[in-house]
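Asker: this one's structure only:
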């Protein structure tokens, strides 16, 4: 199985930031994993290593596999606009990411599961493909039969995030992907220019 299913704290420690959300283990040990922990002397990283780390961080953050990520980059490269910015916009417009942003799940992996298990509809039709790319104006809703799922309701109750490019109607339990977000509206700490440089080699 290609998707990473190991401890997420280790990945977060590797990148030096809690990319999977709040994590007590990361807060206790914010240094990189490994036998010698914080004492290990790490030499200066090469330019390639820094670029590769940034790409890996983006992949883990959005839960995208290498081939999918490469395809997204190729699509971003062909389109008009700044390639790195378009790449992040494509990641943000994925259905699993929008479900996560709407607060239907506390994590992207949970959002991906909701989509895969046919709990989510797009414009009234059930869509079970997490990588489905949304267009501005698309309406994402909880399927009628799934509106009573406890995990979804708990997540919505605890969600306080607000994004300018997404609206959410609590009564109808549906939201609209209003517009493609600008780079400054995307909260992820990713240096997309390094990814562009890596793929451009």
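Answerer: Nice, thanks for sending it over. Not measured: the values here are computed from a predicted model.
Asker: got the contact list for the nearest residue to residue 82 once chain neighbours are set aside?
Answerer: What sits nearest to residue 82 in space, not counting adjacent residues and going by Cβ to Cβ, 6 or more residues apart in numbering, is residue 183, at 7.9 Å. Backbone N, C-alpha and C define where each C-beta goes, glycine included. Taking Cβ atoms under 8 Å, 6 or more residues apart in numbering, we find residue 183 in contact with 82, 85, 88-89, 192.
Asker: just the buried members of these?
Answerer: Neighbour-count burial (16 or more other Cβ atoms under 10 Å) applied to these gives 85, 88-89, 192.
Asker: okay if I get those residues as JSON lines plus secondary structure, pLDDT and distance to residue 68?
Answerer: Shown next, in JSON lines, are the buried ones among the contacts of residue 183 (DSSP: H, G, I helix; E, B strand; the rest coil; pLDDT from 0 to 100; distance: Cβ to Cβ, whole Å):
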{"residue": "85", "secondary structure": "helix", "pLDDT": "96", "distance to residue 68": "19"}
{"residue": "88", "secondary structure": "helix", "pLDDT": "96", "distance to residue 68": "14"}
{"residue": "89", "secondary structure": "helix", "pLDDT": "96", "distance to residue 68": "15"}
{"residue": "192", "secondary structure": "helix", "pLDDT": "94", "distance to residue 68": "16"}
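Asker: following the record's annotation, map out the domains of the protein.
Answerer: 8-88+189-199, 94-179 (automatic domain parsing).
Asker: could you report the pLDDT at residue 160?
Answerer: pLDDT recorded at residue 160 is 84.
Asker: look up phi and psi at residue 167.
Answerer: With angles defined as degrees, to the nearest 10, residue 167 sits at phi -120, psi 150.
Asker: and it, how many residues sit next to it?
Answerer: Close neighbours of residue 167, defined as other Cβ atoms under 10 Å, add up to 14.
Asker: which strand residues bridge it?
Answerer: residue 176 (DSSP bridges).
Asker: for it, what are its contacts?
Answerer: So residue 167 contacts 175-176, 178 (Cβ under 8 Å, 6+ apart).
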